[in-house]
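# Provided below for reference: sequence and predicted model.
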Amino acid sequence: MDMRKEAERRVDAKIEFQENLYKYLIVNLIIAIVSIYFLQSFWLLFFVMFFWGIGVLEKFFKAYSFHDLAGHDYREKMINNEISKMGD
């Protein structure tokens with residue numbers, strides 16, 4: 001894969017994660033305020049935080065190098081790593 005395209009893909013993933021995190025924080029703040037003033041209960045807040053939080057974590061792992069473990073070129077990277085170790 002072209003290095004520029006790979007860099008663009010990684011940057012896009014990081015931007016997507018950051019945007020999703022900001023939305024997550026803002027929406028959960030609004031739900032917390034509504035829960036305190038109108039519902040006197042936090043079940044809705046915890047429900048949203050838990051399930052949306054799973055999605056935010058998934059985007060975090062994709063954006064910050066954990067996706068490399070599942071990449072199609074992971075095997076090739078391991079082979080190159082082993083070859084460089086053998087040369088030392």
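Cool, got the structure.

# in stretch 42-52, what's buried?
Neighbour-count burial for stretch 42-52, counted by 16 or more other CB atoms under 10 Å, picks out Leu45, Val48, Met49. From N, CA and C alone the C-beta is placed, and that goes for glycine too.

# Could you find the closest non-adjacent residue to the second one?
Nearest residue to Val48, sequence neighbours excluded (CB to CB, 6 or more residues apart in numbering): Ile31, at 5.8 Å.

# May I ask you to confirm that the one you found is in contact with Phe46?
No: using CB atoms under 8 Å, Ile31 is not in contact with Phe46; the gap is 9.7 Å.

# helix, strand or coil for the residue most central in space within the chain?
In the chain, the centroid-proximal residue (CA atoms, centre = their mean) is Phe60; its distance is 1.6 Å. Secondary structure for Phe60, judged by DSSP: H, G, I helix; E, B strand; the rest coil, is helix.

# quick one: Trp43 and Ile30, what's the gap?
Going from Trp43 to Ile30 by CB to CB, to the nearest Å gives 16 Å.

# In contact with Lys59, which residues?
Going by CB atoms under 8 Å, 6 or more residues apart in numbering, Lys59 touches Ala13, Glu16, Phe17, Asn20.

# All the helices of the chain, in order from the start?
Assigned by DSSP state H, the helices in the chain fall at 3-34, 43-63, 74-87.

# Output the buried residues of stretch 42-52 in CSV, with pLDDT and distance to Lys77 appended to each entry.
CSV is the format used below for the buried residues of stretch 42-52 (pLDDT from 0 to 100; distance: CB to CB, whole Å):
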residue, pLDDT, distance to Lys77
Leu45, 86, 42
Val48, 88, 38
Met49, 92, 36
